[in-house]
Structure formats: C-alpha cells, structure tokens
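Engineer: for reference, the sequence and a predicted model appear below.
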Amino acid sequence: MSCAFYSPVHIIEHISGRYCHIFKCLTKSCKYHVWHFLDTGDRASTSNMQKHVKLCWGEDVLKAVNKAAGLDIAQDVIKNYTVNGSITMAFEQKGKGKLTSSANLHITIFILFGTIFVLFVLFAPK
C-alpha cells in the first residue's frame, strides 16, 4: 500500500529506449522520485518505495497504512496522521547512532557579540 504515499498521477517516460513510471513523494518538502522501469523482472516491486516512506514519513505510519483494507482508507490514514510532537522524534537520526547536541557555538557567539557591544558602548564617541 506504499503507493498511497506517492502522487496518484504518475509520469510515464521513455528513457534510452525503455519505458518507466515515475512516482513523486507526497511530502511537501520532499523532492524524491521513484523510477520503475517496465522491462525489468522487479517492475512490480515496491521495496524502494517503502524504504523511502520509512525515512520520510516514519515506520509507524507505514505500518498503519499497510494494515488498511484499501487505497481510500490508506489515504485517509495519511491525511489524518498527526506528527509526533516529541523534539527527539523531530531530530532523530535514522541509523546514525545516538542523538547529541551542543550549545558551545551559541555561547561563543553570544560572548563575542556581548564583548563587541560593551566595547562599543565604552568607546563610542559621545
């Protein structure tokens, strides 16, 4: 049911003598396209579509859509999907290890601009 995550109107192109279907991801900020060449043995495979859905939408949404009885219900699941508000979920790194952050750069910039401001106030012509 991973086709529910892609534009319902796909593009059919002829590339180097081969026909392919091109599907565009429905996420607003995503520019990912899946190419399915029609002359290959795996032309009906959706594994590359599902891999992208896991990265772009999340595995929980993919599981919910896969449980749906039909395409209409799957599209309703996607429309009603609310993003998890957890900050760790928003910045989660898929397969890249533990999530870390640092405020050192922000503190350094704050100190630098604070010093410049103090010097300007002290030595500004009056």
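Structural biologist: Now that the structure is in, tell me what you want to look at.
Engineer: how distant is the host helix or strand of Leu122 from the center of its chain?
Structural biologist: For Leu122, the element it lies in under DSSP states H and E is helix 104-123. Average the C-alpha atoms of helix 104-123, do the same for its chain, and the two points are 37 Å apart (C-alpha atoms, centre = their mean, to the nearest Å).
Engineer: same question for stretch 46-53.
Structural biologist: The answer for stretch 46-53 is 13 Å, by C-alpha atoms, centre = their mean.
Engineer: list the buried residues of that stretch.
Structural biologist: Of all the residues in stretch 46-53, those buried under the rule 16 or more other C-beta atoms under 10 Å are 46, 49, 52-53. No exception for glycine: its C-beta is placed from N, CA and C like everyone else's.
Engineer: show me where pLDDT drops low in the chain?
Structural biologist: Where the chain drops to pLDDT under 70, the residues are 1-2, 81-108, 110, 126.
Engineer: which parts of it are helices?
Structural biologist: Counting by DSSP state H, the segments of the chain that form helices are 47-56, 59-66, 71-79, 87-90, 104-123.
Engineer: no more questions from me, cheers.
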